[in-house]
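Participant: sharing a model that was predicted from the sequence below.
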Amino acid sequence: MSDFKVLSDKEHCLKRPNMYIGSIDEELIDQFVFGKYQSIPYVAGLAKIINEVIDNAVDEAIRTKFKHANQIKVDINNHSVTITDNGRGIPQDDVIDTDGSKIPRPVAAWTKTKAGSNFNDDENRVTIGLNGVGSALTNFFSTKFVGKTCDGKRTLTVTCVNNSASTSVNIIDKVAPSGTQVTFIPDFDRFGCLDISEELQNVIHDRITSLQICYPKIKFKFNGKQILESTFAKYGNLYSDHLVFSKSSNCNFFIFPSDGYRQNSFVNGVQTKSGGTHTTYIMNMVVENLIPMIKRKYKIDVPNAMVKVNLGLVVFLNELSNPKFDSQTKERLTNSIAEIKRAVVGVDFDAIAKGILAKDDIINPIIDSILAKKIAADNRAASLEQKKLAKKKVTGHIKANGRTNTTLF
């Protein structure tokens, strides 16, 4: 049939961007930024191609146990992005392409999908990268992409233009500090916008602030300013003054009062905006331990949903082996509950529940909402009973039995 087509990887990415980078239209997106839950107008796909390159730098730090790429700089202006790290540099050996030809590894990393170092050991993989398509996506969705990497002896530069329509490679033999730098200009026409908005820059800035909490051994800079190292408690204060913390070897989280269930979570540095099995498990365990305590203290029945709808949750889960996500955009974690249980070790959910019960600013809204619901239910029941009584037919008067001349009403 004439309408049957076989697309290249790049053609398919550009033809079906939502599969790879998410929405390419500006939308109002509800999420936390600097601890405030708000609706922010930005293009999610544009944020994705920026984060893909940041993730590559963080992965280099993770792979080297933070001996390298422990300094990461992100510079964004209205029209371009530059991400720099002091890692080892991408090895410059030749690799075999799918057609059998040889190409330098950096060229493969930046111009080919399904190319990378994350396919060898899924069971023990704790890096952000998963499918080996990230930085190639950034290249495909850019009008210009320049990747420069140095191993300390040679500097290799890859320059691509017009959605990677053309590629040039330059190699210089020169001793220089090792590291990698990527600069790109997004193809704004494909994103339906004119520039990188201030709102989107704030979203990226917020994510880097969160990465500083995830990986305190890395020093992050955003637009020339150091992201100040912060304690987990200080970070929590961005969300609320009323918090209950839990800290363990690889899972830190806090609970705070909220006018509707809200969550913000990070798995190995990936922001899982839609949560997933990790947030479901943690919140369910908190509520499961809290409900009996509320019943004993307040002598009221407690619906699970009524507790949850008054709480917020922020989770940092690190070193989760083989994280699984619902799509390339990685917004929801899909690992099994059994895998999450093995990862979330050393958490005392009973102590968390007691901490919530002891904080009036967290527990009182829960109790008030339960009592308000009970009063409303009682009022509805009484109203229904009154309506039923009003419909009943009652005899106007009944003739009294007996000898007296009386009438019983």
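Facilitator: Ah, there it is. Numbers count the residues shown, from 1 in each chain.

Participant: show me where the protein dips below the pLDDT cut-off.
Facilitator: Within the chain, the ranges that satisfy pLDDT under 70 run 1-2, 114-126, 128-133, 376-409.

Participant: residue ranges of the helices in it, please?
Facilitator: 9-15, 44-63, 105-111, 134-140, 188-191, 198-214, 232-236, 277-298, 304-308, 337-343, 349-358, 360-391 (DSSP state H).

Participant: and among those, the most buried is which?
Facilitator: helix 134-140 (a mean of 27; mean count of other C-beta atoms under 10 Å). (C-beta placed from N, C-alpha, C; glycine too.)

Participant: next one: that helix to chain centre, how far?
Facilitator: Offset of helix 134-140 from its chain centre (C-alpha atoms, centre = their mean, to the nearest Å): 20 Å.

Participant: chain center to stretch 44-63: distance?
Facilitator: With C-alpha atoms, centre = their mean, you get 13 Å for stretch 44-63.

Participant: I meant to write stretch 86-94 there.
Facilitator: 29 Å.

Participant: quick check: buried residues in it?
Facilitator: Neighbour-count burial for stretch 86-94 flags 86-90, 92 (criterion: 16 or more other C-beta atoms under 10 Å).

Participant: ends of that stretch, what's the gap?
Facilitator: Terminal residues of stretch 86-94 are spaced 22 Å apart (C-alpha to C-alpha, to the nearest Å).

Participant: hang on, the earlier thing: which one of the helices of the chain lies closest to residue 23?
Facilitator: Closest approach to residue 23 among these (C-beta to C-beta): helix 44-63, 4.7 Å.

Participant: I'd like to know which elements that closest one is packed against.
Facilitator: Counting contacts by 3 or more C-beta pairs under 8 Å, 6 or more residues apart in numbering; DSSP states H and E, helix 44-63 packs against strand 71-76, strand 81-85, helix 134-140, strand 179-186, helix 198-214.

Participant: columns distance to residue 155 on top of those, output as TSV?
Facilitator: Converted to TSV, these look like this (distance: least, C-beta to C-beta, whole Å):
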stretch	distance to residue 155
strand 71-76	18
strand 81-85	13
helix 134-140	18
strand 179-186	10
helix 198-214	26
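
Participant: can you tell me which of the ones you listed is nearest to residue 371?
Facilitator: Set against residue 371 and scored by C-beta to C-beta, the helices and strands packed on helix 44-63 come closest in helix 198-214, at 36.5 Å.

Participant: which residues does the closest one contact?
Facilitator: Contact with helix 198-214 is made by 31-34, 40-43, 46-47, 50-51, 54, 58, 74, 76, 218, 220, 222-223, 227-230, 232, 235, 266, 268-269, 271, 316, 318, as judged by C-beta atoms under 8 Å, 6 or more residues apart in numbering.

Participant: related to what we said a few turns ago, between the helices of the chain, which gets nearest to residue 329?
Facilitator: Between residue 329 and those, the shortest gap by C-beta to C-beta is with helix 44-63, which sits at 6.2 Å.

Participant: report the inter-axis angle for the closest one versus strand 179-186.
Facilitator: Angle between the axes of helix 44-63 and strand 179-186 is 180 degrees (criterion: axes from the mean of the first three to the mean of the last three C-alpha atoms, to 10 degrees).

Participant: quick check: angle from helix 44-63 to strand 71-76?
Facilitator: 170 degrees.

Participant: alpha carbons only: can I get helix 44-63 in PDB?
Facilitator: Extracted C-alpha coordinates of helix 44-63, given in PDB (Å, rounded to 0.1, in the frame of the first residue of the first chain):
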ATOM      1  CA  ALA A  44       6.800  20.100  29.100                       C
ATOM      2  CA  GLY A  45       8.600  18.700  26.000                       C
ATOM      3  CA  LEU A  46      11.000  21.700  26.100                       C
ATOM      4  CA  ALA A  47      11.700  21.000  29.800                       C
ATOM      5  CA  LYS A  48      12.400  17.400  28.900                       C
ATOM      6  CA  ILE A  49      15.100  18.000  26.400                       C
ATOM      7  CA  ILE A  50      16.900  20.300  28.900                       C
ATOM      8  CA  ASN A  51      16.600  17.800  31.700                       C
ATOM      9  CA  GLU A  52      17.900  15.000  29.400                       C
ATOM     10  CA  VAL A  53      21.400  16.600  29.200                       C
ATOM     11  CA  ILE A  54      21.400  17.500  32.900                       C
ATOM     12  CA  ASP A  55      20.700  13.800  33.600                       C
ATOM     13  CA  ASN A  56      23.700  12.700  31.600                       C
ATOM     14  CA  ALA A  57      26.000  14.800  33.700                       C
ATOM     15  CA  VAL A  58      24.400  13.500  36.900                       C
ATOM     16  CA  ASP A  59      24.800   9.900  35.700                       C
ATOM     17  CA  GLU A  60      28.500  10.400  35.200                       C
ATOM     18  CA  ALA A  61      28.800  11.500  38.800                       C
ATOM     19  CA  ILE A  62      26.800   8.400  40.000                       C
ATOM     20  CA  ARG A  63      28.800   6.000  37.900                       C
END
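
Participant: check contacts around the residue lying closest to residue 162 once chain neighbours are set aside.
Facilitator: Spatial nearest neighbour of residue 162, excluding adjacent residues (C-beta to C-beta, 6 or more residues apart in numbering): residue 143 at 6.2 Å. With contact set as C-beta under 8 Å, 6+ apart, residue 143 has these partners: 161-163, 185-187.

Participant: if I look at the closest residue to residue 249 other than its chain neighbours, how far off is residue 252?
Facilitator: Closest residue to residue 249 apart from its sequence neighbours, by C-beta to C-beta, 6+ apart: residue 346 at 5.8 Å. Residue 346 is 11 Å from residue 252, where distance means C-beta to C-beta, to the nearest Å.

Participant: circling back to that earlier point, out of the contacts of helix 198-214, which are buried?
Facilitator: With neighbours counted using 16+ other C-beta under 10 Å, the contacts of helix 198-214 contain these buried positions: 31-33, 40, 42-43, 46-47, 50-51, 54, 58, 74, 76, 218, 220, 222, 227, 232, 235, 266, 268-269, 271, 316, 318.
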